[in-house]
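Peer 1: Provided below are the primary sequence and the corresponding predicted coordinates.
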Protein chains: 2
Amino acid sequence: MATTEKAPGNAPDKASPRDRLLDAAAELFYRDGVSIGVEALCKAAGVSKRSMYQLFTSKDEVLAASLDRRSAAYAEQLLPGPQDDGTPRERVLGLFERLEKASTEPGYQGCPFLAALVELKDLGHPASVVAQQAKQHLQDWLRAQAEAGGAREPELLARQLMLVFDGASARSGARIESLAGLTTVTVTSLMDAAGVA
Amino acid sequence: MATTEKAPGNAPDKASPRDRLLDAAAELFYRDGVSIGVEALCKAAGVSKRSMYQLFTSKDEVLAASLDRRSAAYAEQLLPGPQDDGTPRERVLGLFERLEKASTEPGYQGCPFLAALVELKDLGHPASVVAQQAKQHLQDWLRAQAEAGGAREPELLARQLMLVFDGASARSGARIESLAGLTTVTVTSLMDAAGVA
């Protein structure tokens, strides 16, 4: 767009009100939890409440949209790229290595999708629906690796690896565990037991 | 006390205001999350805000006290009783069998201590301190079993079992996983790999 509109009193900001709301929501909900209020959200985004309600029907919808937008970047951070030519076993270990690395970052507070599910306690909430899809996407990826790697029971192994992933992300996110060398050792034992080559 | 005081308009209630506050807090915080307000808490407890603030300095302190009171019952629900004469391996499996069973109860929403840690996102919060102690208590118990069972690295095995425990409680509490036969199989593989007899 050729507009040169500026937010009054601020530096030029090319992000749309929608994008600013979703950015602020992603940051605040992750840092402070899903209970943060509309006032704080709009203030952080530099968007009026009136504008927010023109764009979204509710705070719940903002939260859902912010998680949805985050899911692609999240998968990109954790899953191997298209150029990866490792074995299924190496690809699974790589995922947990990247989780261990991510968990050492200063702002890390665990998997944002698991946190949303734990906090919302309501599978019918629009943000829970998005979060559940993101978790299922990861589980499907793990199942595909388990199958390609020759696991005796690929579905069982994928569910086991999800227990480890979510236990690890919750515990390290809460700062009661440090993952270095922990998840990869655990995952190795589980893949060995499942017969993954 | 020999008082016969009744809550006006209610049946006689022998529980003290403190007990009623802690009971209501345990129920509401578990069901709805740590962000529920003082108004809702006092209303559910049938206690005035004035009375609450005479008993506790803040809502945070009520939450901490309610988790603290819950921790003994929680350990009793999950850990074997003093009469248990199983092997360390059987005792660990028994813990996870009890977790699988607890997770099928209608109101189950995961480990209350992990949920508090995930929601509060602040290890310095008085309720986080209590929650962390409860988690450490379980980890210490697992470490003792791992050691008694001859695990090569008892501390590592205890940390692995905590990943499984917390992943399982978070996922089943959020209703995105059903644990039957899942955690015991997982724990068996990890104990085998650790050399537990």
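Peer 2: Nice, I can see it. Numbers count the residues shown, from 1 in each chain, chains lettered A, B, ... in the order given.
Peer 1: closest point of chain A to chain B, which residue?
Peer 2: Nearest to chain B in chain A, going by CB to the nearest CB, is residue A:167, at a distance of 3.0 Å. The C-beta positions use only the backbone N, C-alpha and C, and glycine is treated the same way.
Peer 1: ok, and does whichever helix or strand residue A:138 is part of reach over to chain B?
Peer 2: Secondary structure from DSSP states H and E places residue A:138 in helix A:126-148. Yes: counting by CB under 8 Å from any CB of the partner chain, contacts between helix A:126-148 and chain B involve A:128, A:132, A:135, A:136.
Peer 1: Put the buried members of the residues you listed into a ChimeraX selection.
Peer 2: Applying 16 or more other CB atoms under 10 Å in any protein chain shown to the residues of helix A:126-148 next to chain B, the buried members can be selected in ChimeraX as follows:
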select /A:128,132,135
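Peer 1: Other residues contacting stretch A:136-151?
Peer 2: Contact with stretch A:136-151 is made by A:71, A:75, A:78-79, A:87-89, A:91-92, A:95, A:154-155, A:157-159, A:161-162, A:165, A:191, A:194-197, B:176, as judged by CB atoms under 8 Å, 6 or more residues apart in numbering or on different chains.
Peer 1: mind listing what the residue nearest the centre of chain A touches?
Peer 2: The residue lying closest to the centre of chain A (CA atoms, centre = their mean) is residue A:112, at 4.4 Å. Residues counted as contacts of residue A:112 (CB under 8 Å, 6+ apart) are A:26, A:29, A:30, A:67, A:70, A:74, A:131.
Peer 1: what's the neighbour count on the second one?
Peer 2: Pointing back at residue A:29 there. 24 (other CB atoms under 10 Å in any protein chain shown).
Peer 1: now it: how far from residue A:113?
Peer 2: To residue A:113, residue A:29 is 11 Å away according to CB to CB, to the nearest Å.
Peer 1: pLDDT (mean, whole number) over stretch A:188-197?
Peer 2: Summarised as a single mean, pLDDT over stretch A:188-197 is 97.
Peer 1: now it: how far from the chain's centre is it?
Peer 2: What separates the centre of stretch A:188-197 from the centre of its chain is 26 Å, taken as CA atoms, centre = their mean, to the nearest Å.
Peer 1: Could you point out which residue ranges in chain A have low pLDDT?
Peer 2: A:1-13 (pLDDT under 70).
Peer 1: those helices in it, which residues are they?
Peer 2: A:17-32, A:38-45, A:49-55, A:59-78, A:88-102, A:112-120, A:126-148, A:154-173, A:183-194 (DSSP state H).
Peer 1: shouldn't residue A:115 be in contact with residue B:118?
Peer 2: Yes: between residue A:115 and residue B:118 there is a contact at 5.7 Å, judged by CB atoms under 8 Å.
Peer 1: Narrow the contacts of stretch A:136-151 to those that are buried.
Peer 2: Here, 16+ other CB under 10 Å leaves A:71, A:78-79, A:88-89, A:91-92, A:95, A:154, A:157-159, A:161-162, A:165, A:191, A:194, A:196, B:176 buried among the contacts of stretch A:136-151.
Peer 1: what comes up buried for stretch A:175-193?
Peer 2: Applying 16+ other CB under 10 Å to stretch A:175-193 flags A:175-177, A:179, A:182-184, A:186-191, A:193 as buried.
Peer 1: now stretch A:30-41
Peer 2: In stretch A:30-41, counting by 16+ other CB under 10 Å, buried: A:30, A:33, A:34, A:36, A:41.
Peer 1: rewinding a little: overlap in contacts of residue A:29 and residue A:113?
Peer 2: In contact with both residue A:29 and residue A:113: residue A:67, using CB under 8 Å, 6+ apart.
Peer 1: and residue A:115 and residue B:118? which has more neighbours close in?
Peer 2: A direct count of neighbours by other CB under 10 Å for residue A:115 and residue B:118 places residue B:118 higher, at 29 against 24.
Peer 1: how far away is that one from residue B:60?
Peer 2: Residue B:118 is 16 Å from residue B:60, by CB to CB.
Peer 1: what does residue A:57 give?
Peer 2: From residue A:57 to residue B:60 the distance is 33 Å (CB to CB).
Peer 1: Those two: who's more crowded?
Peer 2: Neighbour count, other CB under 10 Å: between residue A:57 and residue B:60, residue B:60 has more, with 16 against 10.
Peer 1: show me what contacts the more buried one?
Peer 2: Residue B:60 neighbours (CB under 8 Å, 6+ apart): B:125, B:126, B:127.
Peer 1: Check residue A:94 too.
Peer 2: Applying CB under 8 Å, 6+ apart, the residues near residue A:94 are A:80, A:84, A:86.
Peer 1: Show me just the buried residues among these.
Peer 2: residue A:80.
Peer 1: ok, and what's touching stretch A:72-82?
Peer 2: So stretch A:72-82 is contacted by A:86, A:91, A:94-95, A:98-99, A:102, A:112-113, A:134, A:137-138, A:141 (CB under 8 Å, 6+ apart).
Peer 1: same question, stretch A:183-197
Peer 2: By CB under 8 Å, 6+ apart, stretch A:183-197 touches A:87-89, A:92-93, A:96-97, A:99-100, A:146, A:149-153, A:156-157, A:160-161, A:164-165, A:168, B:156, B:160, B:163, B:186, B:189-190, B:192-194.
Peer 1: do that again at 7 Å, thanks
Peer 2: With contacts defined as CB atoms under 7 Å, 6 or more residues apart in numbering or on different chains, stretch A:183-197 is touched by A:88-89, A:92-93, A:96-97, A:99-100, A:146, A:149-153, A:157, A:160-161, A:164, A:168, B:156, B:160, B:163, B:186, B:189-190, B:192-193.
Peer 1: Quick check: nearest residue in space to residue A:98, chain neighbours excluded?
Peer 2: Excluding its sequence neighbours, the residue lying closest to residue A:98 (CB to CB, 6 or more residues apart in numbering or on different chains) is residue A:78, at 5.2 Å.
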